[in-house]
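# quick one, what's the 3D model for this:
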Amino acid sequence: MFRIVTIEREYGCGGAQIARQLSSQLGWKLWDRELTAEIARVANVDSSAVSMCEERVDSTFQKLVKVFWRGSYERSANLEYQPFGPDRMVEVGEEVMREIAERGNCVIVGRGAPYFLRERSDVFHVFLYAPRAEKLRRIQEQGKSLYDAEDLVDTVDRERMLFIKHYFGADWPTRSLYHVMINTAIGDENVIELVLHSMRTVEHVPA
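Just a heads-up that it's a prediction; the model follows:
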């Protein structure tokens, strides 16, 4: 029986909203921004530090931090200190995600969840995507300009692709990981209905 759903998504396809509605219908806990907060709590850093590293190999901020620590203060710095960066985020993220999975009854959005939990038989993996025009429409509905929407669509998924390649040695998306891949242009309600129907169907398929 499935106790966990992972939602991987192209940026702008509505994955966060769909995950929220899905978790509500299932009566399960949603781990999206909540996952960021939990990783920050376990790592004892501010949530903003985690947000800057999520699904990125390296950020401009982290590069500046590394330059600073390699600079004139390097000799007097505590050599055991390491600024919070993507490597640490992945390490703590895996620990937190495995604890969350043990509790079950949850929907997890992104953050490498399909890769961390790929060996578990109680996880249903979903990948959501959409045509470019649909993604631009959704982003603009959130108040972004067309210019900003195009920039986000062109850059965010590229960072996710590099992140997965770097930390998991895999392509993004890794199609063989997912039970279903759904075009969200069919509408959020239809996506959720399809996910729930697919979960019930797969559960009754002999292993």
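# could you point out which element follows the lowest-mean-pLDDT helix or strand in the chain?
Here the helix or strand of the chain ranked lowest by mean pLDDT, DSSP states H and E is helix 60-69, holding a mean of 42. Using DSSP states H and E, the next helix or strand after helix 60-69 towards the C-terminus is helix 86-103.
# pLDDT weak spots in the chain?
By pLDDT under 70, the low-scoring segments of the chain are 49, 52-84, 207.
# cutoff 90 now
For the chain, the stretches with pLDDT under 90 are 33-93, 110-112, 155-168, 203-207.
# for it, what spans make up the strands?
With DSSP state E, the ranges of strands along the chain come out as 4-9, 29-31, 106-109, 123-129, 180-183.
# nearest to H166, out of those strands?
Within those, the stretch nearest H166 is strand 4-9; the backing value is 16.4 Å (Cβ to Cβ). Just so you know, the C-beta spots here come from the backbone N, C-alpha and C atoms, and that holds for glycine as well.
# list the pairing partners of the closest one within its sheet, with orientation.
strand 106-109 (parallel), strand 123-129 (parallel) (DSSP bridges).
# got JSON lines for those strands, with distance to R160 too?
Below are the strands paired with strand 4-9 laid out as JSON lines (distance: least, Cβ to Cβ, whole Å):
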{"stretch": "strand 106-109", "distance to R160": "12"}
{"stretch": "strand 123-129", "distance to R160": "12"}
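# in contact with I139, which residues are there?
Residues near I139 by Cβ atoms under 8 Å, 6 or more residues apart in numbering: 12, 148-149, 152-153.
# could you redo the last one with a cut-off of 10 Å?
Contact partners of I139, counting by Cβ atoms under 10 Å, 6 or more residues apart in numbering, are 11-14, 145-146, 148-153.
# what's the answer for G104, then?
1-4, 28-29, 120, 122-123.
# are any of those residues buried, and which?
2-4, 28, 120, 123 (16 or more other Cβ atoms under 10 Å).
# mind listing what G187 touches?
Taking Cβ under 10 Å, 6+ apart as the test, what G187 contacts is 14, 18, 193.
# out of the strands paired with strand 4-9, deepest packed?
Ranked by mean neighbour count, the strands paired with strand 4-9 are led by strand 106-109 with a mean of 25 (mean count of other Cβ atoms under 10 Å).
# how far does that one sit from its chain's centre?
Computed by Cα atoms, centre = their mean, to the nearest Å, the chain-centroid distance of strand 106-109 equals 9 Å.
# same deal with stretch 21-33?
14 Å.
# verify the stated contact: D171 with I164.
Yes. Using Cβ atoms under 10 Å, D171 is in contact with I164, at 7.3 Å.
# what is the lengthiest helix in the chain packed up against?
When the chain is parsed with DSSP state H, its longest helix is helix 146-168. Packing contacts for helix 146-168, counted by 3 or more Cβ pairs under 10 Å, 6 or more residues apart in numbering; DSSP states H and E, involve strand 4-9, helix 86-103, helix 113-116, helix 132-141.
# in it, what counts as buried?
Under the neighbour-count criterion of 16+ other Cβ under 10 Å, helix 146-168 has 149-150, 152-153, 157, 159-161, 163-164, 167-168 buried.
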